[in-house]
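Trainee: what follows is a protein structure lacking sequence information:
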């Protein structure tokens, strides 16, 4: 299953680290820069509504949520995915039913361990 990574093409260390982690793990993915593929509020909600599992970077770690067991409200999804100015927080990885927002080594290790079937 091909993954989609919403990122920035320059000046974003987290995007570069995410691309590198996916490439090293030999994940088939498409990098979509926000410059060429902007994601607005409705687009962010569409990404969230298509996910059943969430891994979201927080200040000191990350949140793991199974939306089948504990549904994610639109307000929560927007809080996780959008900056106050309405721009998508990056990187965002959409991989089957899994949505990963942000980058840390630990976060991507978990995402790669929980890859879609």
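Mentor: Yes, it's here. Just so it is clear, the structure is predicted and the values come from calculations on it, not from any experiment.
Trainee: tell me, how many residues neighbour residue 28?
Mentor: Around residue 28 there are 9 other residues, counting by other C-beta atoms under 10 Å. The C-beta positions use only the backbone N, C-alpha and C, and glycine is treated the same way.
Trainee: what residues are up against it?
Mentor: Applying C-beta atoms under 8 Å, 6 or more residues apart in numbering, we find residue 28 in contact with 1, 2, 3.
Trainee: what of residue 81?
Mentor: Residue 81 sits next to 44, 47, 48, 88, 89, 92, 101 when contact means C-beta under 8 Å, 6+ apart.
Trainee: state the distance from the residue nearest to the first one when sequence neighbours are not counted to residue 74.
Mentor: By that I understand residue 44. Closest residue to residue 44 apart from its sequence neighbours, by C-beta to C-beta, 6 or more residues apart in numbering: residue 81 at 4.3 Å. Plainly put, residue 81 is 10 Å away from residue 74 if you go by C-beta to C-beta, to the nearest Å.
Trainee: now residue 103
Mentor: 24 Å.
Trainee: what's across from residue 66 in the sheet?
Mentor: Per DSSP bridges, the residues bridged to residue 66 are residue 53.
Trainee: ok, it touching residue 72?
Mentor: No - assessed by C-beta atoms under 8 Å, residue 66 is found out of contact with residue 72, at 9.6 Å.
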